[in-house]
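> For reference, the sequence and a predicted model appear below.
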Amino acid sequence: MKIVSRSEHIKWCKERAREYLNAGDSENAIGSMLSDLTKHPETKGLLDDGFGMIGILSASDLEAATKFIEGFAE
């Protein structure tokens with residue numbers, strides 16, 4: 001398995017999450033983003049210190065979920 005850069009991985013995470021956002025499914029968009037972030041050595045720690053909870057709390061609101069997902073710098 002090829003390890004991609006942190007930037008490429010975050011871009012991939014966002015693209016997958018956007019598929020759910022475009023379908024109006026904010027809960028699965030957040031779930032996808034949070035899950036995918038754990039799949040790369042340079043992003044798996046981003047959810048420590050309660051940051052993942054912010055995503056979970058935004059999952060019921062499409063606008064908030066979009067801001068959370070788009071807030072990750074590539």
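That came through, no problem.

> any low-confidence regions in this protein?
For the chain, the stretches flagged by pLDDT under 70 are 1.

> Grab the nearest non-local neighbour of L46.
With sequence-adjacent residues excluded and distances taken as Cβ to Cβ, 6 or more residues apart in numbering, L46 is closest to L37, at 5.5 Å. The way it works is simple: take the backbone N, C-alpha and C, and place the C-beta from them, glycine included.

> so that neighbour sits right up against D48, yeah?
No: checked against Cβ atoms under 8 Å, the pair L37 and D48 is beyond contact range at 10.8 Å.

> With neighbour numbers in mind, choose between those two.
When L37 is set against D48 and neighbours are counted by other Cβ atoms under 10 Å, the residue ahead is L37, at 22 against 8.

> if I look at the more buried one, how far off is G24?
In this view, L37 and G24 are 22 Å apart by Cβ to Cβ, to the nearest Å.

> swap in I3?
Look at I3 and G24: by Cβ to Cβ, they are 33 Å apart.

> center of this structure - which residue?
The residue lying closest to the centre of the chain (Cα atoms, centre = their mean) is M33, at 2.5 Å.

> What helix or strand is the residue lying closest to that one once chain neighbours are set aside located in?
Excluding the flanking residues, the one nearest M33 by Cβ to Cβ, 6+ apart is A17, at 4.2 Å. Element membership of A17, judged by DSSP states H and E, is helix 6-22.
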